[in-house]
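1. Sharing a model that was predicted from the sequence below.
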Amino acid sequence: MQGGKGMRTGFFASSPSHSSYASSPMRRSPSPSPSPARKFSETIMEDNIRAAEAVVRKWSVEGSSSGRYSGNDSLFGGDRREAKDFLRSVKDLQTTMQFYVAEDSTSENLVQAQCLMQIAMRRLEKEFYQILSRNRECLDPESVSSRSSRASGRSSVSEFEGDMSEDDDQAAGGSVSEVESPSVLAMADLTEIANTMISSGYGKECVKIYKIIRRSIVDESLYYLGVEKLSLSQIQKMDWDAIELRIKSWLNAVKVAVKTLFLGERTLCDHVFSTGGRMAESCFAEIASEGAMTLFGFPELVAKYKKLSPEKMFRILDLYEAISDLWPEIESIFSLESVSAVRSQAIASLLKLGDAVRAMLSDFEMAIQKDTSKSPVPGGGFHPLTRYVMNYVVFLSDYSWILSDIVADWPLSVESPVLESYFSSPVSDDSPTTAISMRLAWLILVLLCKLDGKAKLYKDVPLSYLFLMNNLNYVISKVRTSNLVLLLGDDWLAKHEEKVKQYASNYERMAWNKVISSLPNSTDDISPEAARKCFGQFNSAFDEAYRKQTSWVVPDPKLRDEIKISLAKLIGPAYKSFYEKYQGMLRWEIGSSVRYVPDDLGNYLSDLFYGTLHSGNLSSSSSLSSSPLRTHRG
């Protein structure tokens, strides 16, 4: 039997085999008569053999028709005092064999002790198998990992201590059975059996059984978590929806796998083989390595997907974030040299995911710059490109810490001198998020420069300023109501809010200059004919401005009211002064030359900027706007 070989390695490394003793008895060298002390020791050893034989042969598995590890009889599942006696008998056999190896390696008693040890090891093999098999439920990784700290703080063999009195032994047996959970009892039994087999030279047999059963549990658990082994070619043939479903499944599985499954298996291995040297490491590597490599290899495969585009960014970031968050546990659980490949795979996935994120950020920037939409947005409202880019950047800001790690060593390359002259770091250089803050500020600047070009599509210059005002105000509102406000800071906000005011001022000056200039200076006295002419010019200019601007839009209610109030202050007092000064001269012409009373102007201005078309709902031929961010995890 293999066990016998293992045992002989421990005790008979330099002695002849049993067969040589049986076939050549005359080769024994005469020895001096034993001393009284040796005779006493031999008597004790012989008593040990007789006592051990009674216990060991009672539980022999030889001749069982139900198979090597089968059968309903269970030493550790019955009277626990018998289990304790069995283990003590094995220890007595060890002591006896060590005695004869040192004193008389040719003794027949040594051979007999060896035979009994082989019988005992077969029984312990069977018990070890049965405990692992019958306790699959209570030895699940979650139970083991949650109870590992408590189990490690107390003796795993308290039930088998040999110095107890009979009453103490009975009390301890009762308390352990009634108080401790099945998982703690099973772990204690497995540990004691493993310690006994290892010390008897049967560690390999013990480890083999353990690996077979626990490996099947790990593989089964990963299967039910939805972890499947895929190749790169399989990934490349899938459409994104299929990959995304697998990503969602993986995100749910990885936390359970690391914090429960692999942690539980590492804890159980370390506990059961606590005295086995590197056996615990060997077991864990055999049990967990392949499954862990499959688990942590999946993100790398996704990162190599040939059809990655900017809208797929957020799933890639989810994968990166999951590994990054779990890295302390991964590093701790797989700290052993034998499972270093698992750590390397997790790092490789992080690196590939980071490469994919940087590539998609570059693609996103390029897509903004290459946007080809040529139709101006009716009414000067929000451009679809503005909505898309800002929603995208806002979602990116939710991953600011992850992105900071990814872009930390990726310098921002500003190829355009014109853009560079407008760009400055939004935050201080000592901020941990400086890199991503600069990257996001740069993307917004690229958008604003693109919007400057789109403003030139309007034939009406005041409307182009209204367009710029609306879109920059939308950008600011998205920054203010998201994590971007923390990344870009108050100075960035103040600078761009001032820009909105400049756009508004330019709009007012250019859109209403003809109306204002139609009114004479309030200090000048003019003739009724000149007054009639001024009223006519004002009527014509105001009609034209009103008619044109009723189709223009300012979507933001606060900004819309501010513009109306500003226009009322710009036009109202000047017209009221002119009206009150000259309407008496032309009172018979009210309704013809004098078409508006001062109060009418406020009513007309209140109708402006709602737009006959709401550009925020319009579609665009933009390649970016056709890719909604519906793939984000929400």
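-> It's in.
2. Quick check: closest non-adjacent residue to Gln112.
-> Ile49 (5.9 Å; CB to CB, 6 or more residues apart in numbering). From N, CA and C alone the C-beta is placed, and that goes for glycine too.
3. Let me fix that, I meant to ask about Asn506.
-> That would be Tyr465: by CB to CB, 6+ apart, it lies 4.5 Å from Asn506.
4. my guess is that neighbour contacts Tyr503, does it?
-> Yes: assessed by CB atoms under 8 Å, Tyr465 is found in contact with Tyr503 at 5.0 Å.
5. For these two, indicate the residue with more neighbours.
-> Tyr465 (23 against 20; other CB atoms under 10 Å).
6. what does the model give that one for pLDDT?
-> Confidence at Tyr465, expressed as pLDDT, is 97.
7. what sits against the residue nearest to Asn506?
-> Ala455, Tyr503, Ala504, Asn506, Tyr507, Met510 (CB atoms under 8 Å, 6 or more residues apart in numbering).
8. For it, give me phi and psi.
-> phi -70, psi -40 (degrees, to the nearest 10).
9. And it, how far from Lys58?
-> 100 Å (CB to CB, to the nearest Å).
10. so Ser89 makes contact with Ile119?
-> No: applying CB under 8 Å as the test, Ser89 and Ile119 come out as separate, 10.7 Å apart.
11. Can you work out which residues contact both of those two?
-> With CB under 8 Å, 6+ apart, Ser89 and Ile119 have common neighbours Val56.
12. out of these two, which sits in the busier spot?
-> Neighbours per residue, other CB under 10 Å: of Ser89 and Ile119, the larger number sits with Ser89, 22 against 18.
13. helix or strand for that one, which one?
-> helix 80-103 (DSSP states H and E).
14. do the same with Thr386
-> Going by DSSP H and E, Thr386 is part of helix 384-397.
15. from the chain's centre, how far out does that helix sit?
-> 23 Å (CA atoms, centre = their mean, to the nearest Å).
16. elements contacting that helix?
-> helix 340-369, helix 434-455, helix 461-480, helix 484-517 (3 or more CB pairs under 8 Å, 6 or more residues apart in numbering; DSSP states H and E).
17. Out of the ones you listed, which is closest to Gln549?
-> Among the helices and strands packed on helix 384-397, the nearest to Gln549 by CB to CB is helix 484-517 (6.8 Å).
18. how far out from the middle of the chain is the next helix or strand after the closest one?
-> Later in the chain than helix 484-517, the nearest helix or strand by DSSP H and E is helix 528-549. Here the centre of helix 528-549 is set off from its chain's centre by 66 Å, with CA atoms, centre = their mean.
19. Just the angle for helix 528-549 relative to helix 484-517, thanks.
-> 150 degrees (axes from the mean of the first three to the mean of the last three CA atoms, to 10 degrees).
20. per-residue confidence averaged over helix 528-549?
-> 88.
21. winner for burial among the helices and strands packed on helix 384-397?
-> Compared across the helices and strands packed on helix 384-397, helix 461-480 shows the largest average neighbour count, a mean of 22 (mean count of other CB atoms under 10 Å).
22. Helix 384-397 and that helix, what's the angle between them?
-> Using the same axes, to 10 degrees: helix 461-480 against helix 384-397 is 20 degrees.
23. Alpha carbons only: can I get helix 461-480 in PDB?
-> Extracted in PDB, the C-alpha atoms of helix 461-480 (Å, rounded to 0.1, in the frame of the first residue of the first chain):
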ATOM      1  CA  VAL A 461     -25.000  86.600 -35.300                       C
ATOM      2  CA  PRO A 462     -27.100  87.400 -32.100                       C
ATOM      3  CA  LEU A 463     -28.500  83.900 -32.300                       C
ATOM      4  CA  SER A 464     -25.000  82.400 -32.500                       C
ATOM      5  CA  TYR A 465     -24.200  84.200 -29.200                       C
ATOM      6  CA  LEU A 466     -27.500  82.900 -27.700                       C
ATOM      7  CA  PHE A 467     -26.500  79.400 -28.800                       C
ATOM      8  CA  LEU A 468     -23.100  79.700 -27.100                       C
ATOM      9  CA  MET A 469     -24.700  81.100 -24.000                       C
ATOM     10  CA  ASN A 470     -27.200  78.300 -23.700                       C
ATOM     11  CA  ASN A 471     -24.700  75.500 -24.300                       C
ATOM     12  CA  LEU A 472     -22.000  76.900 -21.900                       C
ATOM     13  CA  ASN A 473     -24.700  77.400 -19.300                       C
ATOM     14  CA  TYR A 474     -25.700  73.800 -19.700                       C
ATOM     15  CA  VAL A 475     -22.100  72.700 -19.300                       C
ATOM     16  CA  ILE A 476     -21.900  74.700 -16.100                       C
ATOM     17  CA  SER A 477     -25.100  73.300 -14.700                       C
ATOM     18  CA  LYS A 478     -23.900  69.700 -15.300                       C
ATOM     19  CA  VAL A 479     -20.600  70.500 -13.600                       C
ATOM     20  CA  ARG A 480     -22.300  72.200 -10.600                       C
END
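24. Run the chain-centre distance for it.
-> 37 Å.
25. ditto for stretch 510-518
-> Distance, centroid of stretch 510-518 to centroid of chain: 59 Å (CA atoms, centre = their mean).
26. for stretch 521-537, same thing?
-> The answer for stretch 521-537 is 74 Å, by CA atoms, centre = their mean.
27. Endpoint to endpoint, it covers what distance?
-> 14 Å (CA to CA, to the nearest Å).
28. With stretch 250-267 instead?
-> So stretch 250-267: terminal residues 23 Å apart, CA to CA.
29. Would you mind pulling the contact partners of stretch 303-319?
-> Residues contacting stretch 303-319 (CB under 8 Å, 6+ apart): 232, 235-236, 240, 243-244, 247, 250-251, 299, 302, 349, 352-353, 355-357, 359-361, 363-364, 367, 392, 395-396, 399, 402-403, 627-629, 631-633.
30. ok, 6 Å please
-> 236, 247, 251, 299, 352-353, 356-357, 360, 363-364, 399, 402, 627, 631-632 (CB atoms under 6 Å, 6 or more residues apart in numbering).
31. now swap in stretch 207-220 and tell me
-> Against stretch 207-220 from outside (CB under 6 Å, 6+ apart): Phe128, Tyr129, Leu132, Met279, Cys283, Glu286, Ile287, Gly291.
32. could you give me the average pLDDT of whichever strand or helix holds the last one?
-> Using DSSP H and E, Gly291 falls within helix 279-303. Per-residue pLDDT values across helix 279-303 average out to 95.
33. Any buried residues in it, and which?
-> Residues 279-303 are the ones in helix 279-303 that count as buried (16 or more other CB atoms under 10 Å).
34. Beyond that helix, next helix or strand please.
-> helix 313-333.
35. rewinding a little: in three-state terms, how would the residue nearest to Gln112 be classified?
-> The three-state assignment at Ile49 reads helix, by DSSP: H, G, I helix; E, B strand; the rest coil.
36. distance of it from Val101?
-> 14 Å.
37. Who has more neighbours out of these two?
-> Ile49 (21 against 18).
38. okay, the more buried one: pLDDT?
-> 80.
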